[in-house]
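**Q** 3D, please:
(chains A, B and C)
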Amino acid sequence: MRDLLRGLTLAQREAVEHVDGPLLILAGPGSGKTRVVTHRIAHLIGQGIPPAQILGLTFTNKAADEMRSRVELLAPGRPVRLSTFHRFCARLLREYAPLVGLRENYTIYDTSDSLQALKRTIDDLGVDATHFTPGQIAAAISTAKNKLVTADQYVPRAGGPLPSIVARVYPVYQSRLLSASAVDFDDLLVHVAVLLRDNPEVRAELDARNRYVLVDEYQDTNLAQYMIVRGLSVDYPNLAVTGDPDQSIYGWRGANLNNILDFEKDYPGVRVVRLEQNYRSTKRILSVAARLIANNRRRKAKDLFTDNAEGAPVRFHQHASEKSEADTIVAGIAEAIRAGRRRPRDFAVFYRTNALSRALEFALREHGLPYQIVNGVEFYQRKEIKDILAYLLLINNPRDDVAFLRVINTPHRGIGRTTVQRLMRHATQYGTTLLEAARESGLVEDLPKKTAVTVARFVAMFDRLNAVATGPVEEILGHVLSETKYREPLVQSESEEDQERLANIEELLTAARQFDERHAGDAHLAEFLEEACLVNDTDAWDTEIDRVTLMTLHASKGLEFPVVHVIALEEGLIPHERSRNQPDELEEERRLLFVGFTRAQEELHLSLARYREFRGQRKMTVPSQFLLELPTDELETTTEAWVEPVGAALAESTESGYPSAWDMDDSAVDASPELDADRAPRGRRPVGPAWQATPLKTAAEMLLGPATAAADVMAEALAPVPEISPDDFALGMLVRHPEYGLGKIMALSGSGPRRTATIAFAAIGGQKKFILRQSALRPARR
DNA sequence: CGTAATGAAATTTTT
DNA sequence: TTTCATTACG
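**A** Okay, here's the model as predicted:
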């Protein structure tokens, strides 16, 4: 007990010792929030509260797992329930499925599954959706669900044709989900919120069962989550939420900042604890971050402070191009590592959109630095995994039409589009599921005998699977693989991609085995599937790996790094052009940057490029308006000599319409200088007098500014370091890898960006596969 | 029925 | 530039 409080500040202690009644912990970045929450749980247990009455809700599995293990250290052997909102709801729904019109073996559709289902509804309804993508309609439905607007309540407000389309599609989509006994991610929350709202006795029971509820990242809750939490805290309002309005960056996913801003109104008598001391960053980093966020209106003002060192100044670099931006950053990283000051894992580079990682990847590879990008293709999203899981899903829930459609012709068994369409028509006509329709293939209209037999054969195969679908999940998976012969074409194939697939399937089998071991004896297929659907790959992101980390600003939340680079601080990127109009969205962009800044422990570097290649087009950029909000006297600015615009302004290039902060330093905005004389006058750019007035003789003539720096820029432009292309590799070639050393190419497959190689390495005495474009492999020169 | 070719669109994405 | 989805062919 005494131990629990040791080393805590007064504020932290106040939060930890709070037992009954509502509690709001406003936790600034790096304020030891997780520590406080876990200590508080341990304290509650210490006060004699049964762990079973304590429920902790997070947004990510990672956060839940981390808390779980930390609570385990503080209160060994007293497990409390810590899970994500979605998983908690999934469990609850299993228990109360009939109350919301589901079966207990219901299926959870992931985003792509629900999009499939939505597309089918759109097709079936014959809605003219030429002006909207299914994705847009899906987003609109999702938004409605996040606001707890159910299908029957949805009324198209004035405001364009999209709402009226949604009004037609949403109810049908929803009833389709229901008849397939399926839910999408949003439904998990909506169903539970509705369940609590419409069933007072159930609500009361759950309220009593979950007497102490803790919610992490409360600023990111949407209305559905808010209602769930509310429903669980009526009779026992021992609700503790932690959050930081300044770190709310998921408004676009329905998060409602008012949930935290109005918490004190919602729960009278709340105790508010502010954790404002930061243990993560230097004074300078914190002060820059604080200055930035002070520009937001919708927030709870707070005073961030730290006892940490003053630290190095925050640096701001202006680069000529995205390439030199990347090169400079990577060179700096490489140098610090070479000098032994840092390790690769000390560095992180954040950007607004994924596309911005490209130049960095190139530079990192050029320098031979190991890196990892957070956000690869998620394991459970891979085709082969989804294919095989679909069999399990269909076994678990035979009404799952999405699973059926995935499975019916995978692997190819000659059941094509038209056949499937006929089955669908039949199913709609007779109000049955697709599997039932397939079962009656002989009766399906227009279905040739031969095809009907093929379909019947599929159903027979499925029934055989179904019959043996008891026992360990790994075993079931084994049956699926042998019955479907899924692996056969892959084994035959030489392609590296297919080999990769085989490896992934093995991984799935391993995951199944581990699941079986964890649930010795009572392993349930449904639970395995739930886990598979609600798991995300970023959960597996490993901080221990010694690599430079690249990720979006969003992905950086909750993490910290000694050295942080935030790149591309340009108008249109951050703030993103899509959020330019709404003031609320602008504030969210500012928060996003704030989150990025406050990840840094020792060094923070900001940068932009004056010219950036965007979707194949070279464009002049405008510095982010957020830069103007930073304390210039605290920043250390370096400006790379850039290529000064040639000739007079060409109106077209100012089309971006952004207020140009460059204008403040006199230079006229101009067309991007093309260093390749051949290319310059082409494209959509009008060949105006400016171009004729300055004939493009040599690149040197286009360069102004300090001679030496200009020369560098020129050198860069004229003699780009030769890239290693995937096509530079040949069979039998000797190559070098920074980690594995010298190796020989044993096999090659694929082409272009997908070209992969199998390399035998002498040093490790084994073979490894690489996607060449992403690998650090280089031809070894003797 | 399956594949290759063309064309439009392209934030962020805890589950 | 890249990625997808739809369409046109074999």
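
**Q** Any idea which helix or strand in chain A has the lowest mean pLDDT?
**A** Sorting the helices and strands of chain A by mean pLDDT, DSSP states H and E puts helix A:689-693 at the bottom, at a mean of 26.

**Q** Can you name the residues of the stretch 201-350 of chain A sitting close to DNA strand B?
**A** With Cβ under 7 Å from any atom of the strand as the criterion, the stretch 201-350 of chain A comes near DNA strand B at residues A:217, A:220, A:249-250, A:252-253, A:255. For every residue, glycine as well, the C-beta is placed using N, CA and C.

**Q** what's the pLDDT at the closest residue in space to residue A:22 that isn't next to it in sequence?
**A** Of all residues beyond its chain neighbours, the one nearest residue A:22 is residue A:267 (3.7 Å), with distances taken as Cβ to Cβ, 6 or more residues apart in numbering. pLDDT for residue A:267: 92.

**Q** same deal with residue A:399?
**A** pLDDT at residue A:399 comes out at 93.

**Q** same thing with residue A:249?
**A** The pLDDT attached to residue A:249 in the predicted structure is 94.

**Q** Next, it: secondary structure please.
**A** coil (DSSP: H, G, I helix; E, B strand; the rest coil).

**Q** tally of neighbours for it?
**A** Taking other Cβ atoms under 10 Å as the criterion, the count of residues near residue A:249 is 23.

**Q** Same check on the one 5 residues further on?
**A** By the other Cβ under 10 Å criterion, the neighbourhood of residue A:254 contains 21 residues.

**Q** Just list the residues touching it, thanks.
**A** When the contact criterion is Cβ atoms under 8 Å, 6 or more residues apart in numbering, the partners of residue A:254 are A:142-143, A:146-147, A:222-224.

**Q** Using JSON lines, lay out those together with secondary structure, neighbour count and pLDDT.
**A** Output for those, formatted as JSON lines (DSSP: H, G, I helix; E, B strand; the rest coil; neighbours: other Cβ atoms under 10 Å; pLDDT from 0 to 100):
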{"residue": "A:142", "secondary structure": "helix", "neighbour count": "17", "pLDDT": "91"}
{"residue": "A:143", "secondary structure": "helix", "neighbour count": "16", "pLDDT": "90"}
{"residue": "A:146", "secondary structure": "helix", "neighbour count": "19", "pLDDT": "91"}
{"residue": "A:147", "secondary structure": "coil", "neighbour count": "16", "pLDDT": "91"}
{"residue": "A:222", "secondary structure": "coil", "neighbour count": "23", "pLDDT": "94"}
{"residue": "A:223", "secondary structure": "helix", "neighbour count": "20", "pLDDT": "95"}
{"residue": "A:224", "secondary structure": "helix", "neighbour count": "25", "pLDDT": "95"}
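
**Q** Just the closest of the residues you listed to DNA strand C, please.
**A** Ranked by distance to DNA strand C (Cβ to the nearest atom of the strand), those are led by residue A:142 at 16.9 Å.

**Q** Is that closest one in contact with residue A:190, as I believe?
**A** No - between residue A:142 and residue A:190 there is no contact, the gap being 10.3 Å when judged by Cβ atoms under 8 Å.

**Q** And for the closest residue to DNA strand B within the stretch 151-300 of chain A, the neighbour number?
**A** The minimum distance from the stretch 151-300 of chain A to DNA strand B, using Cβ to the nearest atom of the strand, falls at residue A:250 (2.8 Å). Residue A:250 has 20 neighbours, counted by other Cβ under 10 Å.

**Q** Which residues are in contact with the residue lying closest to it once chain neighbours are set aside?
**A** Counting by Cβ to Cβ, 6+ apart, the nearest residue to residue A:250 once its immediate chain neighbours are dropped is residue A:220, at 4.8 Å. Contact analysis of residue A:220 by Cβ under 8 Å, 6+ apart lists A:59, A:243, A:248-250, A:255.

**Q** okay, the residues you listed in CSV with distance to residue A:413 next?
**A** Below are the contacts of residue A:220 laid out as CSV (distance: Cβ to Cβ, whole Å):
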residue, distance to residue A:413
A:59, 41
A:243, 51
A:248, 49
A:249, 46
A:250, 42
A:255, 44
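
**Q** from the residues you listed, which is closest to DNA strand C?
**A** Taking Cβ to the nearest atom of the strand as the measure, DNA strand C sits nearest to residue A:250 out of these, at 22.4 Å.

**Q** how close does the closest one get to residue A:191?
**A** 21 Å (Cβ to Cβ, to the nearest Å).

**Q** Leaving out sequence neighbours, find the closest residue to whichever residue of the stretch 351-500 of chain A sits closest to DNA strand B.
**A** In the stretch 351-500 of chain A, the residue that lies nearest DNA strand B is residue A:416 (2.5 Å; Cβ to the nearest atom of the strand). Of all residues not flanking residue A:416 in the chain, residue A:409 sits nearest, at 6.9 Å (Cβ to Cβ, 6+ apart).
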